[in-house]
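Student: Structure for this input, please:
(one chain, ligands or ions: 2)
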Amino acid sequence: MRAHREVALWRDATDAQWADWRWQVANRVQTVGQLRHVMPLSASEATAIGQCLTRFRMAVTPYFASLIDPHDPDCPIRKQAVPSPAELQRGPADLDDPLGEKPQSPFPNLTHRYPDRALMLITDMCATYCRHCTRRRLVGATDRAMSKGHIDRCVNYIRANREVRDVLVSGGDPLLCSDQGLEHVLSSLRAVPHVEIIRIGTRAPVVLPQRITPELTRMIARYHPVWINVQFNHPRELTADAVAALGRLADAGVPLGNQTVLLRGVNDCPHVMRELVHGLLKARVRPYYLYQCDLAVGIDHFRTPISRGLEIIEALRGHTSGLAVPTFVVDAPGGGGKIPVMPQYFLGYAGGRAMLRNHDGSLCYYPEPAAKETPGVCPLCHGTHREFMPQPAYGLQPGASSGVAPGVALGHGRLVR
Ligand SMILES: *Cc1c(COP(=O)(O)O)cnc(C)c1O
Ligand code: SF4
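Tutor: Numbers count the residues shown, from 1 in each chain. Ligands and ions are numbered 1, 2, ... in the order given. This is a model prediction of the structure:
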């Protein structure tokens, strides 16, 4: 990390300005000319980046830009923040709506995919636009919070749908809203009796730790239980400023989770991932998900085979704290939702015993209990649990090669809208 005075653009910034999140947002690096102050660019690089900017916007907070190593073309911060000519390539599998959110949205900015959870997008603004963003078709279009009317419409939908007990507040980055704007969202949701938990998804602690002010954390704490998920992708992002911001949130009683995106050339290595998850635990953040990179347009160069994610989970499970091991998920193209993918530890049955293998490859046997399971009614809940059983036909129809065909029943017998 460079001191900000080393970069000509920010030579005159005072420490108070640097520590002010609004100054950071107002002074984001958005043009090739500004970028030249942060790192050297060859003429061809500058041209290619300029071309990218006609399709996808760039904005990098001075704080995050100061983490770029100007002399390392493979810098993991640079790869996440600075456009690459590879973005102009459309991969054969790229999708405009990679997660199939549109059909599951009763109206824009609200997605209701799972019966008991709803996702609302309250702004399209982010502090830094990630090159690998899965919502790149939406983010940064206006760089503004949604109108109050729009937010109230989302809350009204949630109020009318009593099965929703968990609301995810996302964007864009919801912490780019003002304290007042965010408080309006949190207080409106808290006023809905069936909303049990509120979750905020934000990258602010990574790209704009100055945003985590004592006032903000005090405000959030008034609406508990509020959980926050962040997105740290590389150990270099866990700077002293970032760790302090996470500490302020944890001290305010906010349970913290992390959702890493598996990115080729950034973190697709068991050693890098191990350092990241250990750093997160030290900062009181529980690694929650490791995401397979989605099929958004122009990010094909970030994708790894699924086997790379499995290799990473294999390298963590049993080899380090269980708390450090995230769940590896593929967010299925076409709206199938998050599908966990795990190394195979259960190998089958042999002579009434379950055959297992552990993390170092030793075979283990677990004798099943003598009492036979009788199918039928559960003595605890008096139900059959059938509502949780996947329906075998689902997704296996001929022709449903990419994603879920509309109208195919999901596991709960619910239909994809
Ligand atoms: C990820 C996601 C959720 C939450 O999923 P969890 O597995 O509960 O974290 C809810 N709705 C949508 C649309 C999502 O993409
Ligand atoms: S913070 Fe999230 S929504 Fe914003 S650009 Fe990054 S990945 Fe996309």
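Student: Show the residue spans covered by the helices in the protein.
Tutor: Assigned by DSSP state H, the chain shows helices spanning 15-18, 21-26, 32-38, 43-53, 62-65, 76-81, 148-160, 179-190, 204-207, 214-221, 240-251, 270-282, 306-316.
Student: Please tabulate those helices in TSV, including the columns mean pLDDT.
Tutor: Below are the helices of the chain laid out as TSV (pLDDT from 0 to 100):
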stretch	mean pLDDT
helix 15-18	96
helix 21-26	98
helix 32-38	95
helix 43-53	94
helix 62-65	97
helix 76-81	98
helix 148-160	96
helix 179-190	98
helix 204-207	98
helix 214-221	98
helix 240-251	98
helix 270-282	98
helix 306-316	98
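Student: Burial-wise, tell me which of these comes out on top.
Tutor: The highest mean neighbour count among the helices of the chain belongs to helix 204-207 (a mean of 28), with neighbours defined as mean count of other Cβ atoms under 10 Å. Where you see a C-beta, it was placed from the backbone N, CA and C, and this is true even at glycine.
Student: in the chain, which segments are predicted with low confidence?
Tutor: Within the chain, the stretches with pLDDT under 70 are 392-417.
Student: and of the helices of the chain, who's closest to ligand 1?
Tutor: Among these, helix 148-160 comes nearest to ligand 1, with 12.4 Å by Cβ to the nearest ligand atom.
Student: Export the helices of the chain as TSV, with columns for distance to ligand 1.
Tutor: Written out in TSV, the entries for those read as follows (distance: least, Cβ to the nearest ligand atom, whole Å):
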stretch	distance to ligand 1
helix 15-18	34
helix 21-26	26
helix 32-38	32
helix 43-53	27
helix 62-65	24
helix 76-81	21
helix 148-160	12
helix 179-190	15
helix 204-207	18
helix 214-221	19
helix 240-251	18
helix 270-282	17
helix 306-316	16
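Student: Which among those helices is found nearest to ligand 2?
Tutor: Each of those was scored for nearness to ligand 2 using Cβ to the nearest ligand atom, and the closest is helix 204-207 (7.1 Å).
Student: Can you work out which other helices and strands pack against that closest one?
Tutor: helix 62-65, strand 226-230, helix 240-251 (3 or more Cβ pairs under 8 Å, 6 or more residues apart in numbering; DSSP states H and E).
Student: could you dump the longest one to PDB, C-alpha only?
Tutor: Okay, so that is helix 240-251. These are the backbone C-alpha positions of helix 240-251, laid out as PDB (Å, rounded to 0.1, in the frame of the first residue of the first chain):
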ATOM      1  CA  ALA A 240      -5.200  -2.500   8.800                       C
ATOM      2  CA  ASP A 241      -8.000  -0.100   7.700                       C
ATOM      3  CA  ALA A 242     -10.200  -2.900   6.500                       C
ATOM      4  CA  VAL A 243      -9.600  -5.000   9.600                       C
ATOM      5  CA  ALA A 244     -10.400  -2.000  11.800                       C
ATOM      6  CA  ALA A 245     -13.700  -1.400   9.900                       C
ATOM      7  CA  LEU A 246     -14.700  -5.100  10.300                       C
ATOM      8  CA  GLY A 247     -13.800  -4.700  14.000                       C
ATOM      9  CA  ARG A 248     -16.200  -1.800  14.400                       C
ATOM     10  CA  LEU A 249     -19.000  -3.800  12.800                       C
ATOM     11  CA  ALA A 250     -18.300  -6.900  14.900                       C
ATOM     12  CA  ASP A 251     -18.100  -4.700  18.100                       C
END
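Student: what's residue 19 in contact with, if anything?
Tutor: Neighbour list for residue 19: residue 210 [criterion: Cβ atoms under 8 Å, 6 or more residues apart in numbering].
Student: center of this structure, which residue is that?
Tutor: Most central residue of the chain, judged by C-alpha distance to the mean C-alpha position with Cα atoms, centre = their mean, is residue 259 at 4.6 Å.
Student: how about the nearest residue to it, chain neighbours excluded?
Tutor: Beyond its immediate neighbours in the sequence, the residue positioned closest to residue 259 (Cβ to Cβ, 6 or more residues apart in numbering) is residue 289, lying 4.6 Å away.
Student: now swap in residue 166 and tell me
Tutor: Once its chain neighbours are removed from consideration, residue 166 has its nearest residue in residue 117; the separation is 4.4 Å (Cβ to Cβ, 6+ apart).
Student: Residue 163 is in contact with that neighbour, correct?
Tutor: No. Because the distance of 9.3 Å does not satisfy Cβ atoms under 8 Å, residue 117 is recorded as not touching residue 163.
Student: who has more neighbours, the two?
Tutor: Taking neighbours as other Cβ atoms under 10 Å, residue 117 and residue 163 compare with residue 117 leading, 16 against 11.
Student: Apart from its chain neighbours, what residue comes closest to residue 52?
Tutor: Leaving out its chain neighbours, the residue that sits closest to residue 52 by Cβ to Cβ, 6+ apart is residue 83, at 3.6 Å.
Student: and that neighbour, how far is that from residue 92?
Tutor: Using Cβ to Cβ, to the nearest Å, one gets 21 Å for the distance from residue 83 to residue 92.
Student: Neighbour count: those two, which is higher?
Tutor: Between residue 83 and residue 92, residue 83 has the larger neighbour count (other Cβ under 10 Å), namely 23 against 6.
Student: Go ahead and confirm the more buried one touches residue 54.
Tutor: No. Residue 83 sits out of contact with residue 54 when judged by Cβ under 8 Å, with a separation of 10.4 Å.
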